[in-house]
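In: Requesting a structural model of the entry that follows:
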Amino acid sequence: MAATLALAAAGFLASVINVVAGGGSFLTLPLLIFLGLPAGEANATNRVGVLAQNVGAVWGFHRHRVLEWRWSFCVAVPGTLGAGLGAWLALHVGDREFQRFLAFVMLALTLWTIIDPGGRSVRRVASRTPHTWLMHAGFFLVGIYGGFVQAGVGFLFLAVSTRAGLDLLRGNAAKVLSILLQTLLSLAIFAWDGRVRWDAGLALAAGSVLGSLVGVRLTVVKGQRWLQGAVTAAVILFAIRLWFS
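Out: Numbering: from 1, shown residues only. So this is what the prediction gives:
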């Protein structure tokens, strides 16, 4: 019971962080591992909460009229194809190797946050540029990463969407739709291989839906800067714990 409540609470907090910026899976993935799931199963199970989170977030952003459906679907296609490849690659990586890779990624993205404390790389506003093969290639690579590990994919998506000319608010809205479709495919691949622990995943999902709606509200009203300090500290602590576990 305590584990279920902890997962629901983590799902709520992770969803708020994911919708506002990204990196919420840096909380839920280590928690799943600490609760005894092998790293590969934790990576797969985490997608259940991510799926629920993005269903709620898509609805929330649509309700606030900031989701540009056509543009978002266009960039979601290469991202989803990449996610299928990333999930397939994740099935062929050992638990120990995946755990070390996750710790490395957590520290790398934390350093990015420290070097760019104001989020300058994802806060600039510009007019959208026409679709180019380079932009689609960028979203394809983001999809590969998302299908493989998920954690931190929101940061990467926002970096590419900003380069494509989308402001942070609409970039977040496009992000949740793209990651929703990526997660549907990657979760199906992991479930087919028997990697998903549905009891833990549904506990995450229970908190994730509510967290996503809160995250949408915070994104529209406040933005992301006030979360950065807490996220950075948590990511550093979890990464150190993962590396030495």
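
In: I'd say Leu181 and Gly82 touch.
Out: No. With contact defined as C-beta atoms under 8 Å, Leu181 and Gly82 do not form a contacting pair (11.1 Å). Where you see a C-beta, it was placed from the backbone N, CA and C, and this is true even at glycine.

In: which of these two has more neighbours?
Out: More neighbours surround Gly82 than the other of Leu181 and Gly82, with 24 against 19 (other C-beta atoms under 10 Å).

In: Let me see the residues that make contact with stretch 7-15.
Out: For stretch 7-15, contacts defined as C-beta atoms under 8 Å, 6 or more residues apart in numbering pick out 24-25, 27-28, 31-32, 35, 49, 52-53, 56-57, 200, 203-212, 214-215.

In: pull the CA atoms of it into CSV?
Out: Taking Å, rounded to 0.1, in the frame of the first residue of the first chain, the C-alpha atoms of stretch 7-15 are listed here in CSV:
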residue,chain,number,x,y,z
LEU,A,7,4.1,5.8,-6.9
ALA,A,8,0.8,7.8,-7.2
ALA,A,9,2.5,10.8,-5.5
ALA,A,10,5.6,10.5,-7.7
GLY,A,11,3.3,10.2,-10.8
PHE,A,12,1.6,13.5,-9.8
LEU,A,13,4.8,15.4,-9.2
ALA,A,14,6.5,14.0,-12.3
SER,A,15,3.6,14.9,-14.5
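
In: and Gly36, what helix or strand is that in?
Out: Of the helices and strands defined by DSSP states H and E, none includes Gly36.

In: What about it, how many residues nearby?
Out: Neighbours of Gly36 under the rule other C-beta under 10 Å: 11.

In: Could you do Leu27 as well?
Out: Using other C-beta under 10 Å, the number of residues around Leu27 comes to 21.

In: Quick check: it touching Ile17?
Out: Yes. In this structure, Leu27 sits in contact with Ile17. The criterion is C-beta under 8 Å, and the distance is 7.2 Å.

In: measure stretch 139-155 end to end?
Out: Across stretch 139-155, the straight-line distance between its terminal residues is 12 Å, by C-alpha to C-alpha, to the nearest Å.

In: Just the buried residues of the strand or helix carrying Trp59, please?
Out: Taking DSSP H and E as the criterion, the element that holds Trp59 is helix 39-63. Buried residues in helix 39-63, counted by 16 or more other C-beta atoms under 10 Å: 39-61.
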